[in-house]
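Asks: Just need the structure, nothing else, for what follows:
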Amino acid sequence: MLRGAEAVARLPRFIPTVAIACLALGWACGIDELLIGAPCDGDADCPNLICARTASETAADGQGRCSEDGTCVPGEQDGCRARSDNTCDLSLQPVQGPNGNRYCCGRGTNTTVVGFAEDGTAECADCPSCSTLSGTEEPCLAGEARCEVEDGMRCGCRTPGDRLLNEDCEGDDDCGALVCVRTLEQQEEPDEAAVPDRAAEDGQCRPSDDPACAPGQSGCLLPSGSSCDAMTQAVGVGSLEYCCPTPGNSVEFQPVAYARSADQREVACTTCRRRSCMDDAGNLLDECTTISADGCHVPTGALCGCPPGTE
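Replies: Prediction:
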């Protein structure tokens, strides 16, 4: 006996309509057996049967199959279990789920079982490949900690918990067992003359038992013999150096520290103008801050001023 879509394809087009009429009149038309496995959008397409849709088909608003007991057709529906020999129709591919069972999923470059419905059917998705040259990413599901997903996707990538040290972070939730540390420079700062209303910047994940900023982190103390990254440059405060953001216009501006932590490990930075202060001899000097030069004349409400003996 023919079953499923093949059977329906060979039926005259009027049979579904006849089936409805039969049901309405109480006739025993006997076509339910032929409709088993036929594509359907809802129970109305399956007289005396149930339109069974898997989690994948429901998520994609796709068609299901007519079923006697509401179960999907193994090997033939996206999200249904594979056949007993672990095979699927050619349009599908067998994918092992997290529970060890194999499911038939639509073909993709990295097809993955990302969830299950109450009936045990699977939801499949073509997830991004998380392999990188540095090997610092792993696959994850939307809603899991630190998982970065594209709009509408159920899966994405994240940095493994054991590799989060010194990774950028917005808060402790981004750091697993570590903590998110912001220097004075990375915290929300007061209005600055050159950069007004600067919001808090990303910090870095640091050990919870020693939450000090990382050498080279923006605003952090620069160890002797070390260098800052490409976006920052060394700024001196007395005998110590710190990494401060490099201004976009380095010809007219330079980075200068204007505040320092009590332990001298962190600073907050600003940008001051170059050669905008004139001394009594007519020489042009760079602006300064209260911690970059003793006696720097800083106007009220500003961060940069001029060295002593200048106008």
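
Asks: ok, so what distance separates Val113 from Ser56?
Replies: The span separating Val113 from Ser56 equals 9 Å under the rule C-beta to C-beta, to the nearest Å. Backbone N, C-alpha and C define where each C-beta goes, glycine included.

Asks: which neighbours do these two share?
Replies: Taking C-beta atoms under 8 Å, 6 or more residues apart in numbering as the contact criterion, the common neighbours of Val113 and Ser56 are 105, 122-124.

Asks: Now the residue lying closest to Cys72 once chain neighbours are set aside: phi and psi?
Replies: In space, not counting the residues next to it along the chain, Cys72 is nearest to Cys80; the distance is 3.6 Å by C-beta to C-beta, 6 or more residues apart in numbering. In terms of degrees, to the nearest 10, the main-chain angles of Cys80 are phi -90, psi 160.

Asks: Hmm, Thr54 and Cys80 touching each other?
Replies: Yes. With contact defined as C-beta atoms under 8 Å, Cys80 reaches Thr54; the gap is 5.3 Å.

Asks: how close does the nearest residue to Glu138 once chain neighbours are set aside get to Val149?
Replies: If the residues on either side of it in the chain are set aside, Glu138 comes closest to Pro160, at 5.1 Å by C-beta to C-beta, 6+ apart. Here the distance between Pro160 and Val149 works out to 17 Å (C-beta to C-beta).

Asks: quick one, which of those two is more surrounded?
Replies: Val149 (18 against 14; other C-beta atoms under 10 Å).

Asks: Number of residues surrounding the nearest residue to the more buried one once chain neighbours are set aside?
Replies: By the measure of C-beta to C-beta, 6+ apart, the closest residue to Val149 outside its immediate chain neighbours is Gly156, 3.5 Å from it. Here the neighbour count serves as a burial measure; for Gly156 (other C-beta under 10 Å) it reads 19.

Asks: which of the shared contacts of Val113 and Ser56 tops the neighbour count?
Replies: Cys124 (30 neighbours).

Asks: buried ones in stretch 223-239?
Replies: Of the residues in stretch 223-239, those buried under the neighbour-count criterion (16 or more other C-beta atoms under 10 Å) are 228, 232-233, 235, 237.

Asks: Check the offset of it from the chain's centre.
Replies: Between the centre of stretch 223-239 and the centre of its host chain there is 32 Å, according to C-alpha atoms, centre = their mean, to the nearest Å.

Asks: Then stretch 250-259?
Replies: Going by C-alpha atoms, centre = their mean, the spacing between the C-alpha centre of stretch 250-259 and its chain's C-alpha centre is 34 Å.

Asks: quick check: mean pLDDT across that stretch?
Replies: For stretch 250-259, mean pLDDT is 95.

Asks: show me the contacts for Asp78.
Replies: For Asp78, the contacting residues are 54, 56-57, 60, 62, 92, 104-106, 124, taking C-beta under 8 Å, 6+ apart as the criterion.

Asks: Likewise for Asn110?
Replies: Residues counted as contacts of Asn110 (C-beta under 8 Å, 6+ apart) are 126-129.

Asks: Tell me if Thr58 really is in a strand.
Replies: No. Assigned with DSSP: H, G, I helix; E, B strand; the rest coil, Thr58 falls outside any strand and is helix.

Asks: now it: how far from Ala122?
Replies: The gap separating Thr58 from Ala122 is 11 Å, by C-beta to C-beta.

Asks: quick one: low-confidence parts of this protein?
Replies: Segments of the chain classed as low confidence (criterion: pLDDT under 70) are 1-31, 132-135, 189-199, 311.

Asks: how close does the residue nearest in space to the middle of it sit to Leu35?
Replies: Ranked by distance to the mean C-alpha position of the chain (C-alpha atoms, centre = their mean), the top residue is Glu148 at 1.4 Å. Remark: distance between Glu148 and Leu35 (C-beta to C-beta) = 45 Å.

Asks: Could you do Val267 as well?
Replies: In this structure, Val267 and Leu35 are 75 Å apart, going by C-beta to C-beta.

Asks: Looking at the two now, which is surrounded by more residues?
Replies: For the pair Val267 and Leu35, the greater number of neighbours falls to Val267 (28 against 25), based on other C-beta under 10 Å.
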